[in-house]
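# Here is a sequence with its predicted model. Questions after.
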Amino acid sequence: MKWSFFSLIFFFSTMGWAQTSSSPSSLRAYLLNPEMRFERASSQEMLDRKPLNIALGYQGQKFSILTEYARFEEDTGNATSSIDRTHQDVVVWFRYHFFNQTDKKTLGATTLFAGAGAGAYEEEVVTTLMGLSRTDKTPMKFMSGFVVGAEFSILMNPHFGFVIGAEGRGLLASDFDPNPVWSALLRLGIQIPL
């Protein structure tokens with residue numbers, strides 16, 4: 001995927017700039033991110049999608065930067081007639097921490113944040129009718145979003161720790177329905193202090 005390669009280059013170049021800060025910082029990998037996205041179906045009812053969601057980020061004292069990949073599949077129909085849709089997106093999130101509290105005794109930290117993101121998505125739709133199938137793939141399209149959330153982290157030792165967080169998000173793109181698509185996300189990950 002061309003755009004995921006671009007996002008990784010962007011992430012690592014931004015991380016180099018961010019490390020010039022003297023405040024405490026860490027690298028974070030969010031490997032378990034249960035998410036619910038609410039889309040409108042053709043029947044006008046709201047359905048929740050549950051993407052596979054992973055993210056890699058840099059966390060400073062006042063801000064954090066995350067590169068996130070998400071993917072979900074939707075299958076409708078039966079053996080004779082079906083539509084299979086695959087959605088993938090990559091978004092780079094910039095989050096400002098408006099509240100930070102560190103407990104030096106337990107090595108825990110609580111962060112409240114708000115932010116915005118930009119990235120791209122693509123979709124592939126496979127339509128099958130009476131054994132014949134047709135594949136339509138959209139070119140990459142721009143998407144953006146906004147987020148508010150909270151994270152709690154705790155260091156197990158000076159070199160390793162765990163992170164848990166919750167976010168509410170709105171994702172925007174020209175053909176999303178509704179626009180924004182509302183999303184709730186739980187983040188579980190690890191952190192490595194720098």
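Yes, it's here.

# From Thr127, how far out is Thr111?
45 Å (C-beta to C-beta, to the nearest Å). C-beta: built from backbone N, CA, C; applies to glycine.

# Of the two, which one has the most company?
Thr111 (22 against 15; other C-beta atoms under 10 Å).

# residues contacting that one?
By C-beta atoms under 8 Å, 6 or more residues apart in numbering, the residues touching Thr111 are 97, 99-100, 150-153.

# and it, what helix or strand is that in?
strand 108-129 (DSSP states H and E).

# Strand partners (parallel or antiparallel) of that strand?
strand 81-103 (antiparallel), strand 132-137 (antiparallel), strand 141-157 (antiparallel) (DSSP bridges).

# Just send the ones you listed back as CSV, with distance to Tyr58 and mean neighbour count too.
Output for the strands paired with strand 108-129, formatted as CSV (distance: least, C-beta to C-beta, whole Å; neighbours: other C-beta atoms under 10 Å):
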stretch, distance to Tyr58, mean neighbour count
strand 81-103, 11, 16
strand 132-137, 32, 10
strand 141-157, 14, 16
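
# Leu56 is nearest to which of those strands?
Minimum separation from Leu56 across the strands paired with strand 108-129 (C-beta to C-beta) falls at strand 81-103, 10.5 Å.

# center of this structure - which residue?
Glu68 (4.1 Å; C-alpha atoms, centre = their mean).

# Okay, buried residues for whichever strand or helix holds that one please.
Glu68 belongs to strand 63-77 when assigned by DSSP H and E. Across strand 63-77, burial judged by 16 or more other C-beta atoms under 10 Å covers 63-70, 72.

# Any stretches of the chain with poor pLDDT?
Under the criterion pLDDT under 70, the flagged ranges of the chain are 1-23.

# got the buried residues for the strand holding Thr111?
So, applying 16+ other C-beta under 10 Å, buried residues of strand 108-129: 109, 111, 113, 115, 117, 119-123, 128.

# List the beta-bridge partners for the closest residue to Arg95 other than its chain neighbours.
Once flanking residues are discounted, Arg95 sits nearest to Gly115: 3.5 Å by C-beta to C-beta, 6 or more residues apart in numbering. Here Gly115 sits in beta bridges with Arg95, Val147, going by DSSP bridges.

# residues in contact with Gly115?
Contacts of Gly115 (C-beta under 8 Å, 6+ apart): 64, 93-96, 146-147.
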